[in-house]
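In: Starting from these lines, generate the structure:
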Amino acid sequence: MAPETRLYTVDDVWELQRQAPSHIKHVELIDGRPVETEPAFLLQGVLAAKLSSIIAEFAEERDLGTAGIRGGFYSEKDRHTLLAPFIVFVRKARLPVSPPDGFLNFMPDLAVEIAASNNPVSFLRKKAQILLRYGTQMVWIVLPEQRSAEICSLAEEDQLKIEPVGIDGKLDGRDVLPGFELELRQLFKG
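Out: Prediction:
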């Protein structure tokens with residue numbers, strides 16, 4: 001008989017972090033299984049800070065919502081999945097009046113992930129598909145080594161649709177961040 005594998009919930013992760021926050025690594029849940037992620041590499045952190053501030057400034061100027069880094073999100077449909085994308089944007093209409101001291105029980109409107117050797121594209125695409133399945137409207141995956149990105153959405157039958165964006169292309173906010181455009185060359189500059 002195979003040993004039973006415990007499936008964790010959002011509540012389990014929250015409780016663990018409350019009990020010993022300094023001992024807990026960054027943990028996400030996928031189908032009840034903890035996925036520990038390593039600290040960001042310098043380039044990931046630099047790109048995340050830069051892109052997050054660009055999105056936040058754009059959204060604030062237009063009163064569209066708020067952007068942040070590494071917030072925990074889950075769907076009420078699946079308390080065994082907790083995701084914390086590098087960058088998130090949530091529309092103003094969906095923001096709680098008083099943000100809770102904990103994870104949000106919905107997915108962000110936009111999620112951004114940044115690939116690295118400790119954060120492979122295959123894993124990020126799996127996360128993108130889960131985010132989109134549970135309500136995220138669009139996911140950007142930034143690929144620093146290729147100086148490119150992918151715009152992800154869901155196609156028919158829950159399949160991930162990937163639109164590549166080269167160094168001469170633009171990240172486009174579409175209906176999620178109307179009017180937002182960022183030339184990838186600008187993101188990778190400096």
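
In: Phi and psi next, for the most centrally placed residue in the chain.
Out: Nearest to the mean C-alpha position of the chain, by CA atoms, centre = their mean, lies P85 at 2.3 Å. Dihedral pair for P85: phi -60, psi 160, per degrees, to the nearest 10.

In: And stretch 128-146, what's buried?
Out: For stretch 128-146, burial by neighbour count (16 or more other CB atoms under 10 Å) applies to 128-134, 136-144. The C-beta positions use only the backbone N, C-alpha and C, and glycine is treated the same way.

In: what does the average pLDDT come to for that stretch?
Out: Mean pLDDT, stretch 128-146: 96.

In: mind checking how far that stretch is from the chain centre?
Out: 7 Å (CA atoms, centre = their mean, to the nearest Å).

In: And for stretch 30-39?
Out: Worked out by CA atoms, centre = their mean, stretch 30-39 lies 14 Å from the chain centre.

In: okay, I24: pLDDT?
Out: 56.

In: And for G71?
Out: The predicted local confidence for G71 is 87.

In: quick one: secondary structure of it?
Out: Under DSSP: H, G, I helix; E, B strand; the rest coil, G71 falls in the coil class.

In: Do I have it right that it meets G102?
Out: No - with contact defined as CB atoms under 8 Å, G71 does not count as touching G102 (10.3 Å).

In: one step back: thought the residue nearest to the centre of the chain was touching D109?
Out: No - under the criterion of CB under 8 Å, P85 makes no contact with D109, lying 11.4 Å away.

In: rewinding a little: neighbour count winner among G71 and G102?
Out: G71 (18 against 13; other CB atoms under 10 Å).

In: Quick check: closest non-adjacent residue to that one.
Out: Nearest in space to G71, with sequence neighbours left out and distances taken as CB to CB, 6 or more residues apart in numbering, is V88 at 5.3 Å.

In: if I pick the one you found, what's in contact with it?
Out: For V88, the contact set (CB atoms under 8 Å, 6 or more residues apart in numbering) comprises 67-69, 71, 73, 108, 110-112.

In: Next: F58.
Out: 64, 173, 177, 179-180.

In: ok, 7 Å please
Out: 177, 180 (CB atoms under 7 Å, 6 or more residues apart in numbering).

In: so it is in which element?
Out: Using DSSP states H and E, F58 maps to helix 42-61.

In: buried ones in that helix?
Out: Neighbour-count burial for helix 42-61 [16+ other CB under 10 Å]: 44, 47-48, 50-52, 54-56, 58-59.

In: Give the PyMOL command for selecting the buried subset of the contacts of V88.
Out: Typed into PyMOL, the line below selects the buried ones among the contacts of V88, using 16+ other CB under 10 Å:
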select buried, resi 67+69+71+73+108+110+111+112
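
In: Show me which of the contacts of V88 is closest to R18.
Out: Taking CB to CB as the measure, R18 sits nearest to G71 out of these, at 16.7 Å.
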